[in-house]
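J.: quick one, fold the following:
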Amino acid sequence: MATVALIDYSWPDLSIERAIVGGAGHMLVTGPEKSGDPAALEAFVKQHDPETIMVTYTQITPQVIAQSPKLRHIARVGIGTDNVAIPAATERGVLVTNVPDYCIEEVSDHAIALMLAFTRRINEYDREVRAGRWGLLAAERLRRTNKLAVGVIGYGRIGRATARKLHGLGATVLAYDVMPVIDPGPATMVGLDELIANSDVVILHTPLDPSTHHMVDRSFVGKMRNGAILVNVSRGPLVDNDAVLEGLTSGKLSGVGLDVVEGEPNPPRALVEHPDTIVTPHVAYASDLAVGDLRTRASEEVVRVLAGEKPRNPVN
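T.: Residues are numbered from 1 along each chain as shown. Model (predicted):
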């Protein structure tokens, strides 16, 4: 029997985790009680000395990793691994895994929904009707989808799904990725600057790492088309909030759709309350099917690794 520490989760029960991890004969412990307290997390890990840590959003720092001599696996219950100190884990010989493809359809749907909310001014019209005003607003702000050029930055699984759906809507799809792309499907691969300059809508699907932190800065916004729309469903710190606010104020940006924001869960009020932003609370990944799939596959990976089997989704 191994000890598996589930650090944090955002669902109402642990029936799936207990059925899979506990059903394999392992002990599942949850905590710490003081969520978000680094000292409490370190003490919790030291107390239980788990073989595996399962984590959703909490930062797993080198200090946390150092607290458990038995630790051999960190299972990220999600796609991105920017909250795990991978170099420290690798140095310790600790395997890091993730679930890279559980919410492809949901995130790509959400990205396009945010885009369409602006091109059809859904939120704006809804506010007007609720205020008792029934009539046409500025019709020139409405856009025809099959006349749009949409740039997708990050052309992995989710970026490709977004491109496929955009193509189905008739949009012209430009894409950029730091890695070579052999088969771009419906997209035309271009350089980053070319994508920024020639896109009516820019959608971010790229991971967060030191090279992409604040990639959307003042320079990036300045290169965008006048009246462009920005959508971020990847990681909040990809976007410099101040640069985006300046772009909205100047009119350079006509809309900004964010499912992730630097500073969440308490994003800047000036950004959230701006009339040309739509902000959702980091839910692009979610659906009635996706969360259950995520929990099941993360738990199965834990059992697989503890049994000495090869992981399906190693990160390091």
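
J.: only C-alpha atoms for contact and neighbour calcs from this point on.
T.: OK.

J.: and stretch 199-210, C-alpha only, in PDB?
T.: Extracted in PDB, the C-alpha atoms of stretch 199-210 (Å, rounded to 0.1, in the frame of the first residue of the first chain):
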ATOM      1  CA  SER A 199      -5.500  38.400 -37.800                       C
ATOM      2  CA  ASP A 200      -8.900  39.900 -37.000                       C
ATOM      3  CA  VAL A 201      -9.000  37.600 -34.000                       C
ATOM      4  CA  VAL A 202      -6.000  36.100 -32.100                       C
ATOM      5  CA  ILE A 203      -6.600  33.000 -29.900                       C
ATOM      6  CA  LEU A 204      -4.000  31.800 -27.500                       C
ATOM      7  CA  HIS A 205      -3.500  28.100 -27.100                       C
ATOM      8  CA  THR A 206       0.200  28.100 -26.000                       C
ATOM      9  CA  PRO A 207       1.700  26.700 -22.800                       C
ATOM     10  CA  LEU A 208       3.100  29.100 -20.100                       C
ATOM     11  CA  ASP A 209       6.800  29.000 -19.700                       C
ATOM     12  CA  PRO A 210       9.500  31.700 -19.300                       C
END
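
J.: ok, and what's touching that stretch?
T.: For stretch 199-210, the surrounding residues in contact (CA atoms under 8 Å, 6 or more residues apart in numbering) are 80, 82, 111, 115, 148-156, 158-159, 174, 196, 212, 224-225, 227-235, 237-238.

J.: narrow the residues you listed to those in strands?
T.: Among those, the residues falling in strands (DSSP state E) are 149-153, 174, 228-232.

J.: I'd like these as TSV, with neighbour count and distance to Thr97 appended.
T.: Shown next, in TSV, are the ones in strands among the contacts of stretch 199-210 (neighbours: other CA atoms under 10 Å; distance: CA to CA, whole Å):
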residue	neighbour count	distance to Thr97
Ala149	19	36
Val150	28	32
Gly151	30	30
Val152	29	26
Ile153	22	24
Leu174	25	31
Ala228	23	37
Ile229	26	34
Leu230	28	31
Val231	26	28
Asn232	25	24
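
J.: show me the strands in the stretch 201-316 of the chain, by range?
T.: 201-204, 228-232, 253-258, 277-279 (DSSP state E, counting those that start in this stretch).

J.: pipe those strands into a markdown table and attach mean pLDDT per row.
T.: Formatted as a markdown table, the strands of the stretch 201-316 of the chain follow (pLDDT from 0 to 100):
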| stretch | mean pLDDT |
| --- | --- |
| strand 201-204 | 98 |
| strand 228-232 | 98 |
| strand 253-258 | 98 |
| strand 277-279 | 98 |
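
J.: now distance to Arg133 too, for those, in JSON lines please.
T.: Below are those laid out as JSON lines (distance: least, CA to CA, whole Å):
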{"stretch": "strand 201-204", "distance to Arg133": "29"}
{"stretch": "strand 228-232", "distance to Arg133": "26"}
{"stretch": "strand 253-258", "distance to Arg133": "22"}
{"stretch": "strand 277-279", "distance to Arg133": "21"}
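
J.: pretty sure Thr81 is touching Ala89, no?
T.: No: under the criterion of CA atoms under 8 Å, Thr81 is not in contact with Ala89, lying 11.9 Å apart.

J.: those two: which is more packed in?
T.: Between Thr81 and Ala89, counting by other CA atoms under 10 Å, Thr81 is the more crowded of the two (25 against 22).

J.: name the spans of this structure whose pLDDT lies under the cut-off.
T.: Scanning the chain for pLDDT under 70 picks out 34-35, 136-140.

J.: residue nearest the centroid of the chain?
T.: Note on the chain: the residue nearest the mean C-alpha position is Ser234, at 3.3 Å, using CA atoms, centre = their mean.

J.: leaving out chain neighbours, which residue sits closest to that residue?
T.: Nearest residue to Ser234, sequence neighbours excluded (CA to CA, 6 or more residues apart in numbering): His205, at 5.3 Å.

J.: how many other residues sit next to Tyr85?
T.: Not quite, residue 85 is Ala, not Tyr. Applying other CA under 10 Å, we find 17 residues neighbouring Ala85.

J.: can you tell me the closest non-neighbouring residue to it?
T.: Thr61 is the one closest to Ala85 (CA to CA, 6+ apart), at 5.3 Å.

J.: my read: that neighbour touches Val84, true?
T.: Yes: in this structure, Thr61 is within contact of Val84 by CA under 8 Å, at 6.4 Å.

J.: of those two, who's got more company?
T.: Per other CA under 10 Å, whichever of Thr61 and Val84 has more neighbours is Val84, with 23 against 16.

J.: what sits against the more buried one?
T.: Going by CA under 8 Å, 6+ apart, Val84 touches 59-61.

J.: want to throw these into a markdown table with secondary structure?
T.: Output for these, formatted as a markdown table (DSSP: H, G, I helix; E, B strand; the rest coil):
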| residue | secondary structure |
| --- | --- |
| Gln59 | coil |
| Ile60 | strand |
| Thr61 | coil |
